[in-house]
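S.K.: sequence below, structure please.
(chains A and B)
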Amino acid sequence: MDRDRLQSLLEQNDRQAQKELFEHYYRRTYAVVYRMVGSRELAEDFTQEAFIKAFQNRSQLRDPGKFGAWLAVIATNLARNHLKREKKLYFSDDPAALNTGSAAAGTEEQVMRKLELEQVRRAIRRLPPEQYQVVVLQYYYDLKLEDIAALLKVNLGTVKSRLFRARQKLARELGTIDGAEESI
Amino acid sequence: MKFRERESTDTDKLIKEALRQELESVTPPPAGPVWERIGSRLASGAPPVPARRPLFWQRWATLAACLLVLFVGGFSYWWWSLGQGRHGDELRATADDLLGGRPEAAADTEKGGTWDGGRDYPAYDPADEGWRPAGDSAEESGLPPGGWPLVIGERFRLGAVYAREGVDTACRAALYADGRGNILLWIRGLEPPERFAGEAFWPELGISVRWLPAEQDSYPFVDSSGLPGLAWPGEEGCQVLVVRAGDLQAGALSALKPALP
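M.R.: Below you'll find the predicted structure:
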């Protein structure tokens, strides 16, 4: 959805506009929060709550182009608060969900690539909620660090620190710790 | 399993692709019923407010509120600074006479109580850097007698004490804040780095540091977030004073160090 259309729907903000926004962002918002809490019911609740909050408070969003990322932040903040209250971290190691095709198929290079992707996916599932949030915002929503800091309402140093640690963990899975240190 | 060598940009691509696969492999429940619930919640709650510009009188009301806050804030700062100045006692006494008494809070401050630095600054959470609370007293934190001073540099008050998560039990940290947005972490019991020059990851500290030109017996640096720090070897291993929030520069840390043991 392009920026002009987004802005127009947000300004319109009637039920039809809200429905169009919901249909466009529902799947990815649900997926982001589901990977954090690992429960379909909770993911559905937090996604639903996030859309309601977003529609009711959309005047707080300065850049309409970041509506999707903003929704993800609202939803994952709800999930973070829940996990903090429950004092638990969700770790999923469901091998079925990691099925990226048969690792035995294709050239050696392709097989290696698939194995590496599975390693990183496992590591992503083990990230603490704060680090998962910044990884999603940077790598999935392609936000700049400054934008992430503004959306999460934390300072830039905190974002860098969380991202550095997340990349360290992910890179460690690949045995490339040096590369992760140098690039942040 | 040993994977091949790669550049960090390649690692970034791999993370991006893995995250995409991870999220796109999730199948959400049908959107229809979810939208119906959202729609009915929106209909039953406060009606959505259309995007609009604030009215003329609302802008003036906002401006008036800001001016009031500025005035109250300025007066509070003036009142606070009365107690900090060279002639603070006399001025305060005069002001107390005029206003009919001295507030209890001022007396409490002079007793030097411990201030919970983290509570007012949610933007910095030591847990993000692998620190966990380790009790507030010197005895609890396992440090030798003397422990952590309640105040350093006259204005930084002790917040909470932390220990590093994991196997390293000797490493301890204390959070200090000055109530003006500056937060310092003082870390003791670190294994010193291999060298105090260049740029390297300091595993004990858990961050990358770039060393600046050394001073007499201490070593300033900038961490991977661009925040300054100062390291110096001591009896309890290497010690570090590192800025975690605020705008303190490396020079200010050097000025604080003589007050530290």
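S.K.: quick check, central residue of chain A?
M.R.: A:Val136 (3.2 Å; CA atoms, centre = their mean).
S.K.: ok, it - contacts?
M.R.: A:32, A:72, A:76, B:19, B:23 (CB atoms under 8 Å, 6 or more residues apart in numbering or on different chains). Where C-beta positions appear, they are placed from N, C-alpha and C, glycine not excepted.
S.K.: and if we set it to 6 Å?
M.R.: A:Val32 (CB atoms under 6 Å, 6 or more residues apart in numbering or on different chains).
S.K.: assumed B:Arg132 was part of a helix.
M.R.: No: applying DSSP: H, G, I helix; E, B strand; the rest coil, one finds B:Arg132 to be strand, outside a helix.
S.K.: now it: how far from chain A?
M.R.: According to CB to the nearest CB, to the nearest Å, B:Arg132 stands 13 Å off from chain A.
S.K.: how many neighbours does that residue have?
M.R.: 11 (other CB atoms under 10 Å in any protein chain shown).
S.K.: show me what it is bridged to.
M.R.: B:Ala163 (DSSP bridges).
S.K.: that one and B:Pro193: what is the separation?
M.R.: 23 Å (CB to CB, to the nearest Å).
S.K.: residue ranges with poor pLDDT in the chain?
M.R.: Let's take chain A. A:86-106, A:175-184 (pLDDT under 70).
S.K.: actually it's chain B I care about, not the one you picked
M.R.: B:1-8, B:45-59, B:80-123, B:135-146, B:165-170, B:203-204, B:206, B:235-236, B:258-261.
S.K.: residue ranges of the strands in it, please?
M.R.: B:131-133, B:151-152, B:156-164, B:172-177, B:183-190, B:199-202, B:207-211, B:219-223, B:228-234, B:237-245 (DSSP state E).
S.K.: contacts for the fourth one, please.
M.R.: In this structure, residues lying in contact with strand B:172-177 by CB under 6 Å, 6+ apart are B:117, B:131, B:141, B:148, B:152, B:156, B:158-163, B:183-189.
S.K.: got the domain ranges for chain A?
M.R.: A:1-91, A:126-184 (automatic domain parsing).
S.K.: contact partners for the residue of the stretch 151-261 of chain B found nearest chain A?
M.R.: Proximity of the stretch 151-261 of chain B to chain A (CB to the nearest CB) peaks at B:Ser225, 3.8 Å away. The contact partners of B:Ser225, by CB under 6 Å, 6+ apart, come to A:157, A:160-161.
S.K.: okay, and which of those residues map to strands?
M.R.: Among these, no member lies in strands (by DSSP E).
S.K.: most neighbours among those residues, which one?
M.R.: In the contacts of B:Ser225, the most neighbours by other CB under 10 Å go to A:Ser161, 27 neighbours.
S.K.: roughly how far apart are it and B:Thr62?
M.R.: 35 Å.
S.K.: show me where the chain has its helices.
M.R.: Defaulting to chain A. A:3-12, A:15-37, A:40-56, A:67-86, A:108-125, A:129-135, A:145-152, A:156-173, A:177-183 (DSSP state H).
S.K.: my question was about chain B
M.R.: Under DSSP H, chain B gives helices at B:8-24, B:31-44, B:56-82, B:88-99, B:104-110, B:138-141, B:250-256.
S.K.: what about B:Trp60, neighbour count?
M.R.: So B:Trp60, with other CB under 10 Å, has 11 neighbours.
S.K.: if you could redo that for B:Lys16, that was the one I meant.
M.R.: Neighbour number of B:Lys16 under other CB under 10 Å is 16.
S.K.: excluding covalently adjacent residues, which one is nearest to it?
M.R.: A:Tyr139 (4.6 Å; CB to CB, 6 or more residues apart in numbering or on different chains).
S.K.: what's the distance between that neighbour and A:Arg167?
M.R.: Distance from A:Tyr139 to A:Arg167, by CB to CB: 10 Å.
S.K.: the two - which one has more neighbours?
M.R.: The neighbour comparison of A:Tyr139 against A:Arg167 (other CB under 10 Å) goes to A:Arg167, with 26 against 22.
S.K.: so B:Gly237 makes contact with B:Gly189?
M.R.: Yes: with contact defined as CB atoms under 6 Å, B:Gly237 reaches B:Gly189; the gap is 4.7 Å.
S.K.: ok, the two, which is more surrounded?
M.R.: B:Gly189 (20 against 15).
S.K.: distance of the more buried one from B:Pro228?
M.R.: From B:Gly189 to B:Pro228 the distance is 21 Å (CB to CB).
S.K.: same question for A:Ala79.
M.R.: Counting by CB to CB, the gap from A:Ala79 to B:Pro228 is 35 Å.
S.K.: ditto for B:Gly147
M.R.: Taking CB to CB as the measure, B:Gly147 and B:Pro228 are separated by 25 Å.
S.K.: go on, B:Asp125?
M.R.: 20 Å.
S.K.: who's more crowded, those two?
M.R.: Between B:Asp125 and B:Pro228, counting by other CB under 10 Å, B:Pro228 is the more crowded of the two (20 against 16).
S.K.: beta partners for the more buried one?
M.R.: Assigned bridge partners for B:Pro228, using DSSP bridges, are B:Val222.
S.K.: ok, residues contacting stretch A:161-172?
M.R.: Outside stretch A:161-172, the residues touching it (CB under 6 Å, 6+ apart) are A:120, A:123, A:127, A:130-131, A:134-135, A:177, A:180, A:184, B:11, B:15, B:128, B:224-225.
S.K.: mind listing what's buried along it?
M.R.: A:161-171 (16 or more other CB atoms under 10 Å in any protein chain shown).
S.K.: same check on stretch A:75-85?
M.R.: In stretch A:75-85, counting by 16+ other CB under 10 Å, buried: A:75-80, A:82-83.
S.K.: so how far is that stretch off the chain centroid?
M.R.: 13 Å (CA atoms, centre = their mean, to the nearest Å).
S.K.: hmm, that stretch in reach of chain B?
M.R.: No: for stretch A:75-85, no contact with chain B is found by CB under 6 Å from any CB of the partner chain; the gap never falls below 10.6 Å.
S.K.: show me which residues of chain A sit near chain B.
M.R.: Counting by CB under 6 Å from any CB, chain A sits next to chain B at A:11, A:13, A:22, A:26-27, A:30-31, A:34, A:48, A:51-52, A:55, A:97, A:116-117, A:120-121, A:124, A:139-140, A:154-155, A:157, A:160-162, A:164, A:170-171, A:174-176, A:179, A:181, A:183-184.
S.K.: just the buried members of these?
M.R.: Buried among the residues of chain A next to chain B by 16+ other CB under 10 Å: A:13, A:22, A:26-27, A:30-31, A:34, A:48, A:51-52, A:55, A:116-117, A:120-121, A:124, A:139-140, A:154-155, A:157, A:160-162, A:164, A:170-171, A:174-176, A:179, A:181, A:184.
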